[in-house]
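*Asks:* sharing a model that was predicted from the sequence below.
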Amino acid sequence: MSRRNKLQKFAEIADFNNVFENKNASNPGISDKNGEQIELKGLWNSIIFKNNFPICLELACGRGEYSLGLSDILSEKNYVGVDVKGARIWRGAKNAINTGKSNVVFLRSRIEQIDLFFDQNEVSEIWIVFPDPFLKKGQENRRLTAPNFLNLYKKIAKTGAKIHLKTDNEALFDFTIKVLESTQDIKIEEVISDVYEMTPIYPELAIKTYYERIHLKEGLSIKYVRFSFVDPI
């Protein structure tokens with residue numbers, strides 16, 4: 001994508017009423033489309049969605065395809081796609097506006113700061129769909145299912161909150177299972193080594209992102225694990 005196109009999308013995002021941005025990682029504030037700082041921690045339902053539906057996050061959401069797809073299946077939930085890349089969020093936000101989805105919004109922020117923007121017990125569900133597996137040596141802590149990230153999710157998730165990972169990367173999948181099995185207050189609920197061998201497939205898992213379609217054409221199997229946070233024994 002050319003620099004000109006990126007700048008154009010950043011400018012358009014600034015006018016979207018469904019995108020909220022943390023423009024400075026050293027400052028935990030969120031800006032709305034008017035550039036004004038707003039406090040949303042603990043207030044997403046009352047200020048943004050204006051209902052009491054459960055909040056579902058899509059982390060590293062890219063174009064927001066999963067948030068949009070889930071909202072078609074489970075409309076009585078509120079969806080927040082989180083990504084640091086504004087040019088990617090632009091597509092999802094624009095699609096949400098064009099289709100009239102008032103229950104899908106986007107937060108441009110680093111995921112490492114997610115606990116600054118959501119309060120304890122505010123999130124009921126998290127989807128992590130085809131994240132960067134960070135395969136280079138020494139990058140394990142950057143994986144979105146590494147212990148440091150799981151600890152962040154625990155700060156904002158309700159007890160029993162469902163966390164989903166969908167990936168084509170075997171190394172990330174195996175790493176995740178090992179981490180989950182060694183974490184006391186996590187319950188693994190389901191492990192699927194090949195999603196599309198299921199009959200019937202869950203509607204939530206049948207949603208295909210742009211990158212998933214590429215992986216499937218390459219003959220890669222799509223893996224899935226669902227787990228939840230439980231009270232420590």
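*Replies:* Perfect, thanks for sending it.
*Asks:* need the phi and psi values for Ile186.
*Replies:* phi -120, psi 140 (degrees, to the nearest 10).
*Asks:* hmm, it is touching Val225, no?
*Replies:* No. Ile186 is beyond contact range of Val225, at 10.7 Å (criterion: Cβ atoms under 8 Å). For glycine as for every other residue, the C-beta is placed from the backbone atoms N, C-alpha and C.
*Asks:* which neighbours do those two have in common?
*Replies:* In the contact map built from Cβ atoms under 8 Å, 6 or more residues apart in numbering, the residues linked to both Ile186 and Val225 are Leu180.
*Asks:* the nearest residue to Lys208 once chain neighbours are set aside and Asn141, how far apart?
*Replies:* Leaving aside its sequence neighbours, Lys208 sits nearest to Leu216 (Cβ to Cβ, 6 or more residues apart in numbering; 7.4 Å). From Leu216 over to Asn141 the distance is 29 Å, taken as Cβ to Cβ, to the nearest Å.
*Asks:* got it, and Val82?
*Replies:* Val82 is 18 Å from Asn141, by Cβ to Cβ.
*Asks:* give me the more crowded residue out of these two.
*Replies:* Set Val82 next to Asn141 and count neighbours by other Cβ atoms under 10 Å: Val82 wins out with 23 against 10.
*Asks:* need the contact list for that one.
*Replies:* Residues in contact with Val82 (Cβ under 8 Å, 6+ apart) are Leu57, Glu58, Leu59, Ala60, Cys61, Phe106, Leu107, Ser109, Ile111, Ile114.
*Asks:* same thing but 7 Å
*Replies:* Taking Cβ atoms under 7 Å, 6 or more residues apart in numbering, we find Val82 in contact with Leu57, Glu58, Leu59, Cys61, Leu107, Ser109, Ile111, Ile114.
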